[in-house]
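1. need a 3D model of the sequence below.
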Amino acid sequence: MVRRKKKSRYMRGIRTHGYGNVGQHRKSGSRGGKGAAGMHKHKWSWVLKYFPDWYGKRGFTYPPEMKVEYKEINVGELRELIEFLRQQGKLEKDGDTYVIDLQTLGYNKLLGRGSIDVKVKVKVYDATKSAIEKIRKAGGEVIVLKESSSRS
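-> Residues are numbered from 1 along each chain as shown. Prediction:
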């Protein structure tokens, strides 16, 4: 006799749906523990296949007290800074050269983008070669306060 409807395989009337005693398909016992339990034990082959870099150290974290957070300013922005300080009356002048201490203004690195056409004497913690070169071409000088260290 031909059956038109396929038999359901969901085991609806059977209490445990084919998982043995009540409780054998509950909680984490059937998975070998919760989460990362057994990663170095019974789940080791799974770790090797899917997460080979799960264990072990990699890389290097620099000590926070050794890091220098840079607040930069470009050579091209110095002209605007000179105008701003002149308006406030906080600009020092040594002959025909303006003196700017970037440390006191909160900047600790001078970058080389832009150009300058004014003689400026700049005191700063650190400066790039191009920034120093541009200021010297304009007739100024850069005083770098950073002590030379072994790290680059």
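2. residues in contact with the helix or strand bottoming out on mean pLDDT in the chain?
-> Across the helices and strands of the chain, mean pLDDT, DSSP states H and E gives its lowest value to strand 92-94, namely a mean of 85. For strand 92-94, contacts defined as C-beta atoms under 8 Å, 6 or more residues apart in numbering pick out 98-100, 121. C-betas here are computed from N, CA, C, even on glycine.
3. pull out the buried members of the residues you listed.
-> For these, a neighbour count by 16 or more other C-beta atoms under 10 Å gives the buried set as 98, 100, 121.
4. can you list the contacts of strand 92-94 in JSON lines and add secondary structure, distance to residue 139 and pLDDT?
-> Below are the contacts of strand 92-94 laid out as JSON lines (DSSP: H, G, I helix; E, B strand; the rest coil; distance: C-beta to C-beta, whole Å; pLDDT from 0 to 100):
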{"residue": "98", "secondary structure": "strand", "distance to residue 139": "11", "pLDDT": "91"}
{"residue": "99", "secondary structure": "strand", "distance to residue 139": "14", "pLDDT": "92"}
{"residue": "100", "secondary structure": "strand", "distance to residue 139": "15", "pLDDT": "91"}
{"residue": "121", "secondary structure": "strand", "distance to residue 139": "10", "pLDDT": "93"}
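5. name all residues that make contact with residue 146.
-> 125-126.
6. what about it, distance to residue 58?
-> 31 Å (C-beta to C-beta, to the nearest Å).
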